[in-house]
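Participant: Give me a model of this one.
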Amino acid sequence: MGLIAAVCGFGVIAMNRHDVVALLGSSLASSSVILTATWCTLSRRKKLLRVAVLLCCLTAAVITWHFTAWFDLYLMGELALLYGSSFEAMQALSTLIFGLILASCTTVMIKAFHQRLADPIWVRQAARGIAIAATVVAVVLGGFFYHRLAKRLPIPPANLPAPNGHDYFARAGNLLSSTTRIPEPPSDPPAVIARFVKGHGESFSLLRQGLEVECKKALEWKEGGAYFSDELDSVQLVRHIARAFRAESQMYAESQNYESAAQSCVDCVRFAHKASRGGLVVHYLVASAVESVGTHEMPQLLTQLDSSVCRAASAQLLQVDADREQVTDFIRRDELWSQVTLGWLSRTQFAMADLFQRPREHGLVLDALEKRNDTIRRLLIVELALRAFTLEHESPPRQLSDLVPEYLPRLIHDPYDNAPLRYGSDDRTAIVYSVGPDMDDDNAKGLTWNEFSSGDDGDVVLNVLIESVR
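Facilitator: Purely as a prediction, here's the structure:
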């Protein structure tokens with residue numbers, strides 16, 4: 001009967017995508033196989049058969065405990081791709097090992113308890129001890145959860161600027177979204193791209209007005225008032241704007257107006273950070289993709305830029321680097337917003353994670369993403385300053401400190417080891433690079449994009465990295 005209940009539980013999980021029902025089905029299946037294991041342990045069947053059934057039951061229990069993770073059934077199912085664990089196999093293996101140890105100990109205890117049931121005094125003492133232990137656990141856990149659930153959450157004040165750059169971005173995005181399709185190179189010819197850009201002059205004007213004022217995302221801090229899916233429309237508008245900036249840069253580059261093309265790339269990076277300010281994790285992820293549009297287009301324009309354009313672009317990107325929001329701010333805000341808007345269920349989930357000191361796995365992923373973004377941005381800042389110095393002095397600097405303070409206000413640090421970016425030069429060429437995720441200086445052995453994302457050994461050289469994704 002226990003195994004039949006387990007199968008039914010699996011069926012409920014597989015057929016019903018509602019998170020609460022899925023969790024109930026998982027609990028039903030898990031408890032059923034545990035009961036089956038207990039019945040098997042106390043039975044008088046052959047030892048080999050009991051061991052085999054016990055192993056099968058433990059395996060089934062492990063599967064039920066991890067079923068929701070494997071099939072992206074989370075309490076916040078819409079965020080599964082952002083928050084999903086990448087260690088399910090190791091979790092299952094470790095759970096199975098500890099489950100076997102626990103099962104062995106439980107078997108011995110159950111048999112000892114079964115043999116001593118004939119002693120009524122011992123039974124009363126055991127029952128009294130179990131009752132006391134259960135009461136203590138219930139009081140401690142109840143107090144913990146009451147403290148967490150009854151505590152008033154510190155909802156941050158809105159403090160929206162007036163005017164707010166987001167209002168300009170929303171108007172521009174709505175104008176752009178009215179277009180059936182935003183042309184993109186190389187699939188669309190230059191004439192089509194130019195016609196699109198010139199036909200949306202009002203949109204680009206609104207975008208640049210928004211870039212010149214303060215910007216902060218307006219979030220709805222009310223239980224049941226907003227959900228993750230409500231933010232998807234604004235995310236789509238941001239993607240439209242990123243493609244529009246890329247089209248504008250391509251149009252200017254095609255007409256050899258490299259100064260304006262470079263400014264479009266810089267504005268794309270500035271827009272990414274302004275549009276995500278005050279937002280959630282999903283806004284940070286979209287901003288990272290938008291920023292990469294600008295930072296990936298800029299290096300191919302570098303050799304066409306004069307020193308004044310390089311100085312201006314480097315200064316603007318340096319300001320972005322200084323004013324950016326940290327990824328920890330997005331994570332903290334996202335967790336608080338989730339607890340407020342999703343109510344007690346989300347607060348209970350976070351309380352249990354804190355109780356068992358479960359790490360926020362998505363925080364590790366986002367931290368690595370932040371370092372990648374910072375590395376590319378800072379390498380681009382220094383490359384622009386190097387280009388300006390080389391044009392004005394007809395040779396590259398002997399060391400990066402020669403750029404300070406005329407071209408850079410300070411030495412730019414590597415996000416990975418917090419030391420100045422590495423540099424090498426001769427009379428004609430210069431190379432600046434980051435030590436990369438392995439934090440070892442590999443003498444400018446450039447990583448491809450896939451190697452960089454995987455954390456392989458090697459250094460981050462901007463032109464090598466960008467060329468690998470073209």
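Participant: any low-confidence regions in the stretch 251-400 of the chain?
Facilitator: 344-346, 352-363 (pLDDT under 70).
Participant: Leaving out chain neighbours, which residue sits closest to Ser276?
Facilitator: Sequence neighbours aside, Ala287 is the residue nearest to Ser276 in space, at 3.6 Å (criterion: C-beta to C-beta, 6 or more residues apart in numbering). C-beta coordinates here come from the backbone N, C-alpha and C atoms, glycine included.
Participant: C-alpha coordinates for the helix or strand where that neighbour lies, CSV please?
Facilitator: Remark: Ala287 resides in helix 281-297, with elements defined by DSSP states H and E. Extracted in CSV, the C-alpha atoms of helix 281-297 (Å, rounded to 0.1, in the frame of the first residue of the first chain):
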residue,chain,number,x,y,z
VAL,A,281,17.4,40.0,-9.7
VAL,A,282,15.6,39.5,-13.0
HIS,A,283,16.3,43.2,-13.8
TYR,A,284,20.0,42.7,-13.0
LEU,A,285,20.2,39.7,-15.3
VAL,A,286,18.6,41.6,-18.2
ALA,A,287,20.8,44.6,-17.5
SER,A,288,23.9,42.3,-17.8
ALA,A,289,22.7,41.1,-21.2
VAL,A,290,22.0,44.7,-22.3
GLU,A,291,25.5,45.9,-21.1
SER,A,292,27.1,43.1,-23.1
VAL,A,293,25.5,44.5,-26.3
GLY,A,294,27.5,47.7,-25.8
THR,A,295,30.7,46.3,-24.5
HIS,A,296,30.9,43.7,-27.3
GLU,A,297,30.3,46.3,-30.1
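Participant: Can you list the buried residues in the very next helix or strand once past that helix?
Facilitator: Using DSSP H and E, the helix or strand that follows helix 281-297 towards the C-terminus is helix 307-323. Within helix 307-323, the residues that count as buried by 16 or more other C-beta atoms under 10 Å are 307, 309-318, 320-321.
Participant: Export only the CA atoms of helix 307-323, formatted as CSV.
Facilitator: Output in CSV follows, covering the C-alpha atoms of helix 307-323 (Å, rounded to 0.1, in the frame of the first residue of the first chain):
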residue,chain,number,x,y,z
SER,A,307,41.9,60.5,-28.7
SER,A,308,39.1,62.9,-27.7
VAL,A,309,36.4,60.3,-28.3
CYS,A,310,38.4,57.7,-26.4
ARG,A,311,38.8,60.1,-23.4
ALA,A,312,35.1,60.9,-23.3
ALA,A,313,34.0,57.2,-23.6
SER,A,314,36.5,56.1,-21.0
ALA,A,315,35.3,58.8,-18.5
GLN,A,316,31.6,57.8,-19.0
LEU,A,317,32.2,54.1,-18.5
LEU,A,318,34.3,54.9,-15.5
GLN,A,319,31.4,56.8,-14.0
VAL,A,320,29.1,53.8,-14.7
ASP,A,321,31.6,51.5,-12.9
ALA,A,322,31.7,53.8,-9.9
ASP,A,323,27.9,54.4,-9.6
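Participant: and the closest residue to Asp417 other than its chain neighbours, how far is that from Thr448?
Facilitator: Nearest residue to Asp417 in three dimensions, chain neighbours excluded: Met439, at 5.0 Å (C-beta to C-beta, 6+ apart). Distance of Met439 to Thr448, given as C-beta to C-beta, to the nearest Å: 19 Å.
Participant: who's more crowded, those two?
Facilitator: Taking other C-beta atoms under 10 Å, Met439 and Thr448 do not tie; Thr448 has more neighbours (15 against 12).
Participant: ok now do the residue nearest to Ser276, which residues does it touch?
Facilitator: Val238, Ala272, His273, Ala275, Ser276, Gly279 (C-beta atoms under 8 Å, 6 or more residues apart in numbering).
Participant: Can you give me the neighbour number for the fifth one?
Facilitator: Ser276 is flanked by 25 other residues according to other C-beta under 10 Å.
Participant: can you check the last one too?
Facilitator: Other residues lying near Gly279 total 27 when counted by other C-beta under 10 Å.
Participant: what sits against it?
Facilitator: Lys217, Leu219, Ala287, Phe330, Arg333.
Participant: swap the cut-off to 10 Å and go again
Facilitator: 166, 216-219, 231, 234-235, 238, 285-287, 325, 329-330, 333-334, 337 (C-beta atoms under 10 Å, 6 or more residues apart in numbering).
Participant: Same question for the fourth one.
Facilitator: Residues counted as contacts of Ala275 (C-beta under 10 Å, 6+ apart) are 165-166, 169-170, 173, 207, 210-211, 215, 217, 234-235, 237-238, 241-242, 283, 286-287, 290.
Participant: Pull out the buried residues from the contacts of Gly279.
Facilitator: 166, 216-217, 219, 231, 234, 238, 285-287, 325, 330, 333-334, 337.
Participant: Nearest to His200 among the residues you listed?
Facilitator: Val238 (15.9 Å; C-beta to C-beta).
Participant: quick revisit: the contacts of Ala287 into JSON lines, with extra columns for secondary structure and distance to Arg246?
Facilitator: JSON lines is the format used below for those (DSSP: H, G, I helix; E, B strand; the rest coil; distance: C-beta to C-beta, whole Å):
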{"residue": "Val238", "secondary structure": "helix", "distance to Arg246": "13"}
{"residue": "Ala272", "secondary structure": "helix", "distance to Arg246": "12"}
{"residue": "His273", "secondary structure": "helix", "distance to Arg246": "17"}
{"residue": "Ala275", "secondary structure": "helix", "distance to Arg246": "15"}
{"residue": "Ser276", "secondary structure": "helix", "distance to Arg246": "18"}
{"residue": "Gly279", "secondary structure": "coil", "distance to Arg246": "22"}
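Participant: Would you format those as TSV with distance to Gln125 included?
Facilitator: Formatted as TSV, the contacts of Ala287 follow (distance: C-beta to C-beta, whole Å):
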residue	distance to Gln125
Val238	66
Ala272	67
His273	66
Ala275	66
Ser276	62
Gly279	59
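Participant: need the contact list for Asp188.
Facilitator: Arg181, Ile182, Arg195, Phe196, Ala247, Gln250.
Participant: Okay, helices next: where are they in the stretch 301-450 of the chain?
Facilitator: Here the stretch 301-450 of the chain has its helices, by DSSP state H, counting those that start in this stretch, at 307-323, 327-342, 344-355, 361-393, 449-454.
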